[in-house]
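Colleague: need a 3D model of the sequence below.
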Amino acid sequence: MIENKIVAFVEPSFYGIDFVERTYRKGCKIIAIGSSKDNPTKYGYENYFHDFLVADIRDANSIYKAIKESIHYGEIDALIPATDYASHVTAEVAEWLSLRTISSQAANNARNKDLARNLYEDHKVPSAKYEKVSSLDEAIQAAKKIRYPVVLKPTNCASSQGVYFIKNEEVLQESFDKIKRFKKTYMDFDVRNEYLIEEYLEGPEFSVEFFLKEKEVLFSTVTEKVTSNLPHFVELSHTVPTSVKTNEIEEMTYVCKQALNAIGIDNGPSHVELKLTEYGPKIIEVNGRPGGDKIASELLYRTYGFDVFEATVNYYLNLPIKEDYQEGKATSIAYLTADRDGTISSIEGENEIACDKNVLKHQITVKVGDKVKIPKDSDDRLGYVITTGINSKEAKSNAVKLINSIKLKY
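Modeller: Numbers count the residues shown, from 1 in each chain. This next block holds a predicted model:
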């Protein structure tokens, strides 16, 4: 039984809020560990925990010290990362406490894109050509070797932060200057001073959502994506299951499972991003966590009845995990973005969304008077709508049509 178990979550935020809320409602005692006592209110889980421990969540020793000096030392049944950034340090502390966890080395491989690329290469997993660089000269030489266009990105960030499409050396010089000034990412984690120059992969983008138990796939599905126009890589829509390239689902799933094996992720949830190129699927990156952007919390749950958060907690508590999921109605999410930089003078169309029978959930966060810009990363999105349909194509069409019905006036 999950009731009365003591479950500690490190820095719940974004997708991690679903972890604390759902586990709290199951009757567990929730211990939140974070960098500030203001964080439960900041991230929106102030009603879903029983105790809070302050620690530097960037440092495994600090997390361990906070637990050891608390009244919960020796009583915690599970220690779970509730933000991607702290996954490797959380796993390390769990190993010290002899709690069930994924390997801290595997988590660190997933968190650092250069380590992951090395492992893909070693294990012959199809992925982009790449070079790790730390200076402009190295970046220029790498781009010449790989050939333009290329992608410049940090080795340890997420949500398209600091990712640049590079079409020539002039753009590379400008972009490298910007990325060198990018020092802190979410949760105040340092941005490493090493970067990747990668081959730009042509083709539609997808992700495969997995749940593994001892390397066995208990659940998987392919998510279709729409991303913004170059030079940015902002995700604008997700559809579960994919409505396109359905004949390639088996191949995409196989290549993504190869990537998980290479990194060493054998258990729990993962979100693997790839592009379907003319040469077949190629890996963009592996995330050892549930898919964000409400893929896990809304789309998987509403389409398959798969509660990845409950399954993850059950894994950490060594409890049975449901393995049989039936596909229901397809679901899709589409995001609202600005088509220019400016100040919003009026917003029209939200009433149409609220009244549409296919809408499962929606939220428009932009307000009159807000300054907006063409999105460069996920933080620049202005709202979303989640829809259903009799099939994936219809669900996606409904979401895109409704989000486009929102008219932003500048």
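
Colleague: tell me the contacts of the most centrally placed residue in the chain?
Modeller: The residue lying closest to the centre of the chain (Cα atoms, centre = their mean) is Gly292, at 4.1 Å. Contact analysis of Gly292 by Cβ atoms under 8 Å, 6 or more residues apart in numbering lists 14-15, 159, 271. For the C-beta atoms, the positions are set from N, CA and C on the backbone; glycine is no exception.

Colleague: quick check: the gap between Pro269 and Arg381.
Modeller: 23 Å (Cβ to Cβ, to the nearest Å).

Colleague: so which of those two has more stuff around it?
Modeller: Pro269 (24 against 20; other Cβ atoms under 10 Å).

Colleague: hang on, isn't that one packed against Val286?
Modeller: No: with contact defined as Cβ atoms under 8 Å, Pro269 does not count as touching Val286 (11.6 Å).

Colleague: any buried residues in the helix or strand where Ile67 lies, and which?
Modeller: Here Ile67 sits within helix 60-68, counting by DSSP states H and E. Neighbour-count burial for helix 60-68 flags 60, 62-64, 66-67 (criterion: 16 or more other Cβ atoms under 10 Å).

Colleague: tell me the helix or strand right after the helix or strand where Phe165 lies.
Modeller: Using DSSP H and E, the element containing Phe165 is strand 164-166. Downstream of strand 164-166, the next assigned helix or strand under DSSP H and E is helix 169-180.

Colleague: which other helices and strands contact that next one?
Modeller: Where contact means 3 or more Cβ pairs under 8 Å, 6 or more residues apart in numbering; DSSP states H and E, helix 169-180 is packed against helix 136-146, strand 150-154, strand 164-166.

Colleague: can you do 10 Å?
Modeller: The contact analysis (3 or more Cβ pairs under 10 Å, 6 or more residues apart in numbering; DSSP states H and E) places helix 169-180 against helix 136-146, strand 150-154, strand 164-166, strand 195-199.

Colleague: what stretches of the chain score poorly on pLDDT?
Modeller: Scanning the chain for pLDDT under 70 picks out the ranges 1.

Colleague: could you pick out the buried ones from the contacts of Gly292?
Modeller: Judged by 16+ other Cβ under 10 Å, buried ones among those: 14-15, 159, 271.

Colleague: so how many other residues sit close to Ser70?
Modeller: Neighbours around Ser70, by other Cβ under 10 Å: 17.

Colleague: just confirm it contacts Ile76, I think it does.
Modeller: Yes: using Cβ atoms under 10 Å, Ser70 makes contact with Ile76 at a distance of 9.0 Å.

Colleague: direction-wise, compare the helix or strand containing His271 with strand 195-199 and give the angle.
Modeller: Applying DSSP H and E as the criterion places His271 in strand 268-277. Taking axes from the mean of the first three to the mean of the last three Cα atoms, to 10 degrees, strand 268-277 and strand 195-199 form an angle of 50 degrees between their directions.

Colleague: name every strand pairing with strand 268-277 and say which way it goes.
Modeller: Using DSSP bridges, strand 268-277 pairs in its sheet with strand 205-213 (antiparallel), strand 280-287 (antiparallel).

Colleague: OK, contacts around the nearest residue to Leu230 once chain neighbours are set aside?
Modeller: Leaving aside its chain neighbours, Leu230 sits nearest to Phe165 (4.9 Å; criterion: Cβ to Cβ, 6 or more residues apart in numbering). When contacts are counted by Cβ atoms under 10 Å, 6 or more residues apart in numbering, Phe165 touches 149-152, 171, 175, 200, 229-233.

Colleague: possible to save the strands paired with strand 268-277 as JSON lines with distance to Tyr48 and mean neighbour count?
Modeller: Below are the strands paired with strand 268-277 laid out as JSON lines (distance: least, Cβ to Cβ, whole Å; neighbours: other Cβ atoms under 10 Å):
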{"stretch": "strand 205-213", "distance to Tyr48": "23", "mean neighbour count": "23"}
{"stretch": "strand 280-287", "distance to Tyr48": "24", "mean neighbour count": "21"}
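
Colleague: pull the distance from the lengthiest strand in the chain to the chain's centre.
Modeller: Identified as the longest strand of the chain according to DSSP state E is strand 216-227. Offset of strand 216-227 from its chain centre (Cα atoms, centre = their mean, to the nearest Å): 13 Å.

Colleague: so where do the strands sit in the stretch 201-350 of the chain?
Modeller: When secondary structure is read from DSSP state E, counting those that start in this stretch, the stretch 201-350 of the chain shows strands at 205-213, 216-227, 235-240, 268-277, 280-287, 330-336, 342-343, 346-348.

Colleague: let's have those in a markdown table, adding distance to Ser127.
Modeller: Formatted as a markdown table, the strands of the stretch 201-350 of the chain follow (distance: least, Cβ to Cβ, whole Å):
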| stretch | distance to Ser127 |
| --- | --- |
| strand 205-213 | 14 |
| strand 216-227 | 17 |
| strand 235-240 | 19 |
| strand 268-277 | 9 |
| strand 280-287 | 4 |
| strand 330-336 | 27 |
| strand 342-343 | 39 |
| strand 346-348 | 41 |
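
Colleague: out of those, nearest to Thr83?
Modeller: Nearest of those to Thr83, taken as Cβ to Cβ: strand 280-287 at 11.6 Å.

Colleague: what angle do that closest one and strand 150-154 make?
Modeller: Computed by the same axes, to 10 degrees, the angle separating strand 280-287 from strand 150-154 equals 10 degrees.

Colleague: of all the strands paired with strand 268-277, which one is nearest Gln326?
Modeller: Among these, strand 205-213 comes nearest to Gln326, with 15.5 Å by Cβ to Cβ.

Colleague: what distance separates that closest one from the centre of its chain?
Modeller: For strand 205-213, the distance to the chain centre is 11 Å (Cα atoms, centre = their mean).

Colleague: that one vs strand 235-240, what angle?
Modeller: Using the same axes, to 10 degrees: strand 205-213 against strand 235-240 is 50 degrees.

Colleague: lovely, talk soon.
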